[in-house]
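*Asks:* Have a look; sequence and predicted model below, questions after that.
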Amino acid sequence: MSSGAHTDFRGEMSYADYLALDRLLDAQHPRSESHDELLFITIHQASELWLKLALHELDAAIAKIRADDLSPAFKMTARVTRIFAQLIQSWDVLSTMTPADYLSFRESLGKSSGFQSYQYRLLEFALGNKDRSLLAPHSHRPELHARLVAMLERPSLYDESHRLLARRGLPIASEVLERDFSESYRRHDSVRDAWVAIYRDPDRYWDLYELAEELVDIEDSFQQWRFRHMTTVKRVIGFRQGTGGTAGVSYLRQRLDHVFFPELWEVRTSL
């Protein structure tokens with residue numbers, strides 16, 4: 001007979017306590033009578049949790065690269081890639097919602113929009129897509145605005161990778177290493193040449209070669225996530241304007257054109 005040790009949690013921490021499930025499961029508050037609004041809220045809240053974890057891993061990976069400690073950095077970047085895989089799958093669930101389903105509660109969203117996600121903006125800044133004008137939607141939240149400014153102005157994942165290449169003796173131009181980190185990175189021949197040297201002699205530069213592929217994995221998965229976002233929006237609302245005033249599908253399609261790590265794609269042609 002069971003002693004009851006696993007059924008009586010008076011004075012003990014339970015599964016629900018540890019995960020704060022009461023708060024977590026009470027955070028979904030549909031503003032309409034539509035059956036599908038709960039799906040919409042749940043998908044976006046779950047995505048924000050995955051973004052929180054991705055930022056946690058990226059912050060740590062950047063610190064490890066800065067410290068020349070690449071092995072744990074690779075575990076973190078690999079985890080980020082798998083997080084994006086989960087985010088990609090979330091669009092498959094959301095795409096079960098038809099245009100009529102969405103229109104049944106769209107008015108309840110007001111001016112809210114995924115464009116206003118500060119965690120998504122932090123993620124883009126961490127990966128190197130910097131734009132100071134994108135701070136504006138968060139100016140009413142001083143603590144969030146300050147966090148975004150800090151991420152905007154610090155070296156990105158790619159910037160820290162350039163610094164690492166230079167420390168390893170590869171000739172990275174000073175204008176790359178000493179640039180204004182609050183601006184988006186622009187490709188440079190010295191960076192391309194360094195990656196070409198690494199890809200042509202992987203045995204000599206094995207950990208840098210692995211870093212290159214980890215970065216490509218991240219951008220590849222991130223772009224797939226962006227693409228599925230665009231196609232899901234197109235499927236659900238067509239070419240309507242987004243709720244936050246963005247151009248909807250055309251805006252999302254334009255974002256697909258941005259490349260985070262340009263030389264790592266160029267190198268495939270240069271070899």
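*Replies:* It's in. The model shown is predicted, which means the values in this text are computed figures rather than measured ones.
*Asks:* Please export the alpha-carbon coordinates of stretch 48-60; PDB is fine.
*Replies:* Only the C-alpha atoms of stretch 48-60 are listed here, as PDB (Å, rounded to 0.1, in the frame of the first residue of the first chain):
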ATOM      1  CA  GLU A  48       6.900  34.300 -26.000                       C
ATOM      2  CA  LEU A  49       8.100  31.600 -23.600                       C
ATOM      3  CA  TRP A  50      10.200  30.000 -26.300                       C
ATOM      4  CA  LEU A  51      11.600  33.500 -27.200                       C
ATOM      5  CA  LYS A  52      12.500  33.900 -23.500                       C
ATOM      6  CA  LEU A  53      14.500  30.700 -23.600                       C
ATOM      7  CA  ALA A  54      16.100  31.600 -26.900                       C
ATOM      8  CA  LEU A  55      17.300  34.900 -25.500                       C
ATOM      9  CA  HIS A  56      18.600  33.100 -22.400                       C
ATOM     10  CA  GLU A  57      20.700  30.800 -24.500                       C
ATOM     11  CA  LEU A  58      21.900  33.500 -26.900                       C
ATOM     12  CA  ASP A  59      23.000  35.800 -24.100                       C
ATOM     13  CA  ALA A  60      25.000  32.900 -22.600                       C
END
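*Asks:* Check which residues of it are buried.
*Replies:* Buried residues in stretch 48-60, counted by 16 or more other C-beta atoms under 10 Å: W50, L51, A54, L55, E57, L58, A60. In this view, the C-beta of every residue, glycine as well, is placed from N, C-alpha and C.
*Asks:* what's in contact with that stretch?
*Replies:* 72-73, 76-77, 79-80, 83-84, 86-87, 90, 117, 119-120, 122-123, 126-127, 157 (C-beta atoms under 8 Å, 6 or more residues apart in numbering).
*Asks:* Please work out the average pLDDT along it.
*Replies:* On average, the pLDDT along stretch 48-60 is 98.
*Asks:* What about V267, how many residues nearby?
*Replies:* 22 (other C-beta atoms under 10 Å).
*Asks:* list the contacts for A85?
*Replies:* A85 neighbours (C-beta under 8 Å, 6+ apart): S221.
*Asks:* Quick one: distance of stretch 38-53 to the chain centre.
*Replies:* Taking C-alpha atoms, centre = their mean, to the nearest Å, one finds stretch 38-53 lying 13 Å from the centre of the chain it belongs to.
*Asks:* do the same with stretch 82-96
*Replies:* 13 Å.
*Asks:* Let's see that stretch as PDB, backbone CA atoms only.
*Replies:* This file holds the C-alpha atoms of stretch 82-96, laid out as PDB (Å, rounded to 0.1, in the frame of the first residue of the first chain):
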ATOM      1  CA  ARG A  82      15.900  23.600 -31.900                       C
ATOM      2  CA  ILE A  83      13.800  26.300 -30.200                       C
ATOM      3  CA  PHE A  84      13.200  27.800 -33.700                       C
ATOM      4  CA  ALA A  85      12.000  24.300 -34.800                       C
ATOM      5  CA  GLN A  86       9.400  24.500 -32.100                       C
ATOM      6  CA  LEU A  87       8.400  28.000 -33.100                       C
ATOM      7  CA  ILE A  88       8.000  26.900 -36.800                       C
ATOM      8  CA  GLN A  89       5.700  24.000 -35.700                       C
ATOM      9  CA  SER A  90       3.500  26.500 -33.800                       C
ATOM     10  CA  TRP A  91       2.500  28.100 -37.100                       C
ATOM     11  CA  ASP A  92       1.200  24.700 -38.300                       C
ATOM     12  CA  VAL A  93      -1.200  24.700 -35.300                       C
ATOM     13  CA  LEU A  94      -2.200  28.400 -35.800                       C
ATOM     14  CA  SER A  95      -2.900  27.700 -39.500                       C
ATOM     15  CA  THR A  96      -5.800  25.500 -38.600                       C
END
